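>>> Structural data only, the sequence is not supplied:
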């Protein structure tokens, strides 16, 4: 359980680092609040942060739901979830780097976030189904 | 508990379906990342996804808080929460369909999300209050 | 635990109040859905809501992770977390008021959200580390 919480905290720290870069980009490209657009380079940093938010709302509940459901039927849920979580953390890092270079090349990082989240969601359904029979 | 987790996973799947439709709409209406606007039809799909994110940040903590607090004072929290969760899931589906047809008609779907969430939040306060006395 | 859940529900209510103000501002400044921009005053209300969403995705997992990890090593996690949570709630209120008056003056409120969240994240890491040794 501590391992899963560690992964979640690391994911939140990654997200806060992206938020911090948006703040930096506001100064660098002269985009003053409340504007959230105005310079193509700023837009990239802002979208990386926003997309991470869009991913976290799935990732955090999914990793908790899967860990709990898997442990519940005797699987090593915390370990599997943490392994998938590490892939997610690395994928998000790759996503951020490649998005800022060229938004069209965000595919690999995206996939490394998408598959762990989807696997944990489907895994949760499987574990719930198995606990009922 | 498994029932509540099932509802949360279904809500996340609904959200991922909306995200997928945003990706489709990017191609169809020629809105390239990092842009998040540029064609009125694209805007609708994007807002459905964003609004679902805005709802999920309330719905997920609310359903968990209510289930826990209600079970804690001996109420069938998991069953009540799951019932309200099903209304939420259907409401979000209606919201998405009607928003894409005409954003002005998003009221019914919105209400079917708003009331379950508010009821669970107020219900949590009631349960916490009752557990103290 | 009930105290931490109470703080989370209050944070969600604050967020819903900001969402409600966005709805009011839509009418007042004539910004029709799906548009999310179009009048500088509307933009401020919208950004307050969006920024609160961006903060909640960190605050909710952080307060739960910290409470759990701290109680786990015998610290009064629920009380410390609730104290930091109250600072967060007040900070968000100050943020909203000052942002609508002048977005450049959002610093104090922001700090009152940033530090409690960061302290709870770092606190979680410390508690996990201490539970391992």
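Ah, there it is. Nothing here was measured: the structure is a model prediction, and the numbers come from that model.
>>> The top helix by length along chain A versus helix B:40-72: what angle between them?
Selection of the longest helix in chain A by residue count, based on DSSP state H, yields helix A:40-72. Following axes from the mean of the first three to the mean of the last three C-alpha atoms, to 10 degrees, one obtains 30 degrees for the angle between helix A:40-72 and helix B:40-72.
>>> which helices and strands does helix A:40-72 pack with?
helix A:2-28, helix A:77-101, helix A:107-132, helix B:2-29, helix B:40-72, helix C:40-72 (3 or more C-beta pairs under 8 Å, 6 or more residues apart in numbering or on different chains; DSSP states H and E). From N, CA and C alone the C-beta is placed, and that goes for glycine too.
>>> quick one: contacts of stretch A:104-113?
Residues outside stretch A:104-113 that contact it (C-beta atoms under 8 Å, 6 or more residues apart in numbering or on different chains) are A:55, A:59, A:87-88, A:90-99, B:32-33.
>>> er, stretch A:32-48 I mean
Applying C-beta under 8 Å, 6+ apart, the contact partners of stretch A:32-48 are A:18, A:21-22, A:24-26, A:28-31, A:95-96, A:99-100, A:103, B:33-36, C:40, C:43-44, C:46-47, C:99, C:103-104, C:106.
>>> so how far is chain B from residue A:30?
For residue A:30, the distance to chain B equals 17 Å [C-beta to the nearest C-beta, to the nearest Å].
>>> Equivalent analysis for residue A:4, please.
Distance from residue A:4 to chain B, by C-beta to the nearest C-beta: 15 Å.
>>> The spatially closest residue to that residue that is not a sequence neighbour: what's it in contact with?
Closest residue to residue A:4 apart from its sequence neighbours, by C-beta to C-beta, 6 or more residues apart in numbering or on different chains: residue A:67 at 5.0 Å. Residue A:67 sits next to A:1, A:4, A:77, A:78, A:81 when contact means C-beta under 8 Å, 6+ apart.
>>> so which of the helices and strands packed on helix A:40-72 gets nearest residue B:115?
Closest approach to residue B:115 among the helices and strands packed on helix A:40-72 is made by helix B:40-72 (11.5 Å; C-beta to C-beta).
>>> quick one: buried residues of that closest one?
Of all the residues in helix B:40-72, those buried under the rule 16 or more other C-beta atoms under 10 Å in any protein chain shown are B:42-72.
>>> angle of that helix against helix B:2-29?
Here helix B:40-72 runs at an angle of 170 degrees relative to helix B:2-29 (the same axes, to 10 degrees).
>>> average pLDDT for helix B:40-72?
The average pLDDT within helix B:40-72 is 97.
>>> Between helix B:107-132 and that helix, find me the angle.
Using the same axes, to 10 degrees: helix B:40-72 against helix B:107-132 is 20 degrees.
>>> Now do helix B:40-72 against helix B:77-101: the angle between them, please.
Going by the same axes, to 10 degrees, helix B:40-72 makes 170 degrees with helix B:77-101.
>>> about what we covered before: rebuild the helices and strands packed on helix A:40-72 as JSON lines, extending it with distance to residue C:125.
Below are those laid out as JSON lines (distance: least, C-beta to C-beta, whole Å):
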{"stretch": "helix A:2-28", "distance to residue C:125": "6"}
{"stretch": "helix A:77-101", "distance to residue C:125": "15"}
{"stretch": "helix A:107-132", "distance to residue C:125": "22"}
{"stretch": "helix B:2-29", "distance to residue C:125": "26"}
{"stretch": "helix B:40-72", "distance to residue C:125": "22"}
{"stretch": "helix C:40-72", "distance to residue C:125": "8"}
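>>> Select, out of those helices, the one closest to residue B:123.
helix B:40-72 (5.0 Å).
>>> distance between that closest one and the chain's centre?
The chain centroid and the centroid of helix B:40-72 are separated by 3 Å under C-alpha atoms, centre = their mean, to the nearest Å.
>>> swap in stretch A:117-127?
Computed by C-alpha atoms, centre = their mean, the chain-centroid distance of stretch A:117-127 equals 16 Å.
>>> ok, and for that stretch, which residues are buried?
A:117, A:119, A:120, A:121, A:123, A:124, A:125, A:127.
>>> restrict these to those near chain B?
A:121, A:124, A:125 (C-beta under 8 Å from any C-beta of the partner chain).
>>> Need the three-state assignment for residue A:33.
Here residue A:33 is coil, with the state taken from DSSP: H, G, I helix; E, B strand; the rest coil.
>>> Could you check stretch A:79-95 and say which residues are buried?
Neighbour-count burial for stretch A:79-95, with 16+ other C-beta under 10 Å as criterion, is recorded at A:80, A:81, A:82, A:84, A:85, A:88, A:89, A:91, A:92, A:94, A:95.
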